[in-house]
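> Pasting the sequence and the predicted model now:
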Amino acid sequence: MKLLGSSLAVWCVVVVLWAEVPVAAARLCSLEELSVCMEAVTGSEPPTSACCSKLAEQEPCLCEYLKVDPNLKQYVNSPAVQKVAAACNIHIPTREICDSTYSQEFALVPDWILG
């Protein structure tokens, strides 16, 4: 009986850990994270290392932004954003590429949740 209880406890831990994996593997996509790039996009200064780091971190999310809100396309594809992305060696995919090739796990998080 004690062995059955121990086995059940181990099984419960395995199930809980297994259930946590998709949540941990999901990316947190938030446009607010890219606010550190605003000066580079709106001004003439090159992007900071913080901007490039955030842009690289959010790169897998770019397709999700375009899919969730097609109105963002004009901003994502703007020359200023393209210039910043190029300076950071980040490729911004087109909507067509997103539709055909990107199928990453993600979690879009509303900005109000992140605070």
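Arrived safely, thanks for sending. Numbering: from 1, shown residues only.

> pLDDT below threshold where in this structure?
1-27, 101-115 (pLDDT under 70).

> now the strands: where do they sit in it?
Assigned by DSSP state E, the chain shows strands spanning 27-29, 106-108.

> which of the residues in stretch 69-88 are buried?
With burial defined by 16 or more other CB atoms under 10 Å, the residues of stretch 69-88 counted as buried are V76, V81, V84, A85, C88. C-beta coordinates here come from the backbone N, C-alpha and C atoms, glycine included.

> Take those residues and write them to TSV, including distance to S35.
Compiled in TSV, the buried residues of stretch 69-88 are given as follows (distance: CB to CB, whole Å):
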residue	distance to S35
V76	15
V81	13
V84	13
A85	15
C88	15
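
> Nearest to K54 among these?
Nearest to K54 among the buried residues of stretch 69-88, counting by CB to CB, is C88 at 9.3 Å.

> List the contacts of that closest one.
Contact partners of C88, counting by CB atoms under 8 Å, 6 or more residues apart in numbering, are P47, C51, C52, L55, A56.

> Just to check, the last one is in contact with H91?
No. Under the criterion of CB atoms under 8 Å, A56 makes no contact with H91, lying 10.6 Å away.

> The two: who's more crowded?
Using other CB atoms under 10 Å, the more surrounded residue of A56 and H91 is A56, with 13 against 10.
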